[in-house]
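Chemist: let's see this in three dimensions:
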Amino acid sequence: MKYMKKKTILIISSIIVLFIAYFGYKGFNLYYFTTQDFEIPAEQFNISDTITLKHKDIQDNDYFQYKNIKIRNDFKEFEQLESNTNVDTFSPKFVLKDATNNTSKSFWMGIDDPYVYLLKADKTLYGTNAHRITNTNLTSILEKNNIHNDVELFHYLSSQKNVRNNIFTSVQKMKENYAIQFMISVIMPTMDSITLIHGDYEGYIFNLKDNTKEVSILKNDKRYVFIFISDTTITNEYLTDILSTIVIE
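Modeler: Residues are numbered from 1 along each chain as shown. Below is the predicted model of the structure:
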């Protein structure tokens, strides 16, 4: 009888210890991979519009050319800023000053990698979170969800932006959710919405705060970036018009 009682107590004690150890382990990971600190605007990755580009020819002397990119030169009255092309993603940069010498308009150009490539290859994006996120984690998330380009990435991130970890979430899923929330809130710019680009070129536009449009044209496994900043509204009609003059060789 005593033996059975001791055995029962031992079994119950073992269960309690395992229970405490399990939830202690889960609790530690819930704290370590918390997603509660990420504040993501409701409109982030909201795909709200589409524009279609149909190329139109213009005179050669109406183009501005940078490397293998040509675009209609609407910036003849702008000042071109000096920049170090070895470290500056965006070069050239143009600014237009108003009567009070404040910048009223800006236009930047640059060439970068698509986000799906950067997430897998550029560890500097992770900053102090590199010990919690590895490109292996991000690569596996992308592969598991059949994400091959930036637009597929944005659709996926939009569907995951409100995901939160809890004590019943598996540790592997906690890590994935943390990596996803990190991608959304730290790596990507805060945007009002996304406009997709179809037609002769494929890409997208980040509609950012303060009348800023970040245009990305996808070609040659690169992201050709055109940033328009203005103190007045930049319309889709204007963007469609000027982007239709782009030539990328």
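
Chemist: mind listing what the most centrally placed residue in the chain touches?
Modeler: In the chain, the residue lying closest to the centroid (Cα atoms, centre = their mean) is residue 188, at 3.1 Å. Taking Cβ atoms under 8 Å, 6 or more residues apart in numbering, we find residue 188 in contact with 44-45, 115, 157. Bear in mind the C-beta positions are built from the backbone N, C-alpha and C, glycine included.

Chemist: nearest to residue 150 among those?
Modeler: Proximity of the contacts of residue 188 to residue 150, judged by Cβ to Cβ, is greatest for residue 115, which lies at 5.0 Å.

Chemist: surely the closest one touches residue 189?
Modeler: No. Using Cβ atoms under 8 Å, residue 115 is not in contact with residue 189, being 10.7 Å away.

Chemist: phi first, then psi, for residue 38.
Modeler: phi -90, psi 120 (degrees, to the nearest 10).

Chemist: that one: neighbour count?
Modeler: 17 (other Cβ atoms under 10 Å).

Chemist: so that it lines up with my notes, have the first residue be 459 from now on.
Modeler: Yes, from this point I'll number from 459; that puts the last item at residue 496.

Chemist: got the contact list for it?
Modeler: So residue 496 contacts 639-640, 642-643 (Cβ under 8 Å, 6+ apart).

Chemist: may I ask which of these has the most neighbours?
Modeler: Neighbour tally across these (other Cβ under 10 Å): the maximum, 25 neighbours, falls on residue 639.

Chemist: so that one, which of the three states?
Modeler: Classification of residue 639 using DSSP: H, G, I helix; E, B strand; the rest coil returns helix.

Chemist: from residue 601, how far off is it?
Modeler: Separation of residue 639 from residue 601 (Cβ to Cβ, to the nearest Å) stands at 19 Å.

Chemist: break down this structure into its strands, ranges please.
Modeler: Ranges of strands in the chain, per DSSP state E, are 505-511, 521-524, 527-530, 537-539, 548-555, 561-570, 649-657, 660-666, 670-677, 680-688, 705-706.

Chemist: redo the ones you listed as a markdown table? Include distance to residue 497.
Modeler: Listed next are these as a markdown table, based on distance: least, Cβ to Cβ, whole Å:
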| stretch | distance to residue 497 |
| --- | --- |
| strand 505-511 | 21 |
| strand 521-524 | 37 |
| strand 527-530 | 36 |
| strand 537-539 | 33 |
| strand 548-555 | 27 |
| strand 561-570 | 26 |
| strand 649-657 | 14 |
| strand 660-666 | 17 |
| strand 670-677 | 20 |
| strand 680-688 | 25 |
| strand 705-706 | 37 |
